[in-house]
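1. Please find the sequence and the predicted model below.
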Amino acid sequence: MVSMARSYAGVIGLLAFTVVIARNMLHDGSMTSSVQQALVCMVVYALIGGVVGRVAQFIVDDLVRSELAEAMKESARLGKTKSGTVQ
């Protein structure tokens with residue numbers, strides 16, 4: 001399974017690369033400078049995407065962990081009430 005950080009880094013990096021190439025094609029930029037700019041932007045935005053993805057993964061993991069803990073507490077409370085040990 002690919003981590004969220006890698007997914008965000010890949011998508012945002014390639015999006016930046018595509019936007020820079022398209023922008024330079026529309027404004028009659030040279031292909032060499034277009035590719036150089038696109039590669040630099042891809043790396044920078046991939047790093048940003050990696051950080052954003054890592055933060056997003058942490059938030060999702062924390063939410064799932066807290067929801068699971070809450071559900072387990074509720075299940076344990078209901079199990080004790082049904083067995084008659086706690087009133």
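-> Thanks, I have it. Numbers count the residues shown, from 1 in each chain.

2. Counting residues, name the longest helix you see in the chain.
-> Longest helix of the chain, by residue count under DSSP state H: helix 31-83.

3. Packing partners of that helix?
-> With contacts taken as 3 or more CB pairs under 8 Å, 6 or more residues apart in numbering; DSSP states H and E, helix 31-83 sits against helix 4-26. In short, each C-beta sits where N, CA and C put it, glycine included.

4. For the helix it packs on, which outside residues touch it?
-> 29-30, 33-35, 37-39, 41-54, 56-57, 60 (CB atoms under 8 Å, 6 or more residues apart in numbering).

5. orientation of the longest helix of the chain relative to helix 4-26 in degrees?
-> Calculated by axes from the mean of the first three to the mean of the last three CA atoms, to 10 degrees, helix 31-83 forms an angle of 150 degrees with helix 4-26.

6. Provide a list of residue ranges in this protein with pLDDT below threshold.
-> 1, 81-87 (pLDDT under 70).

7. ok, the residue nearest the centre of the chain - contacts?
-> Nearest to the mean C-alpha position of the chain, counting by CA atoms, centre = their mean, stands residue 53 at 2.6 Å. Neighbouring residues of residue 53 by CB under 8 Å, 6+ apart: 3-9.

8. ok, it to residue 3 distance?
-> Distance, residue 53 to residue 3, by CB to CB, to the nearest Å: 7 Å.

9. so how far is the longest helix of the chain off the chain centroid?
-> Remark: helix 31-83 is offset 6 Å from the chain centroid, using CA atoms, centre = their mean, to the nearest Å.

10. Please apply the same query to stretch 30-38.
-> Per CA atoms, centre = their mean, the centroid offset for stretch 30-38 relative to its chain is 28 Å.

11. Send me it as CSV with only the CA atoms.
-> This file holds the C-alpha atoms of stretch 30-38, laid out as CSV (Å, rounded to 0.1, in the frame of the first residue of the first chain):
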residue,chain,number,x,y,z
SER,A,30,12.3,27.2,-25.1
MET,A,31,12.0,23.5,-24.5
THR,A,32,15.3,23.3,-22.6
SER,A,33,14.4,26.0,-20.1
SER,A,34,10.8,24.7,-19.8
VAL,A,35,12.0,21.2,-18.8
GLN,A,36,14.5,22.7,-16.4
GLN,A,37,11.9,24.9,-14.7
ALA,A,38,9.4,22.0,-14.7
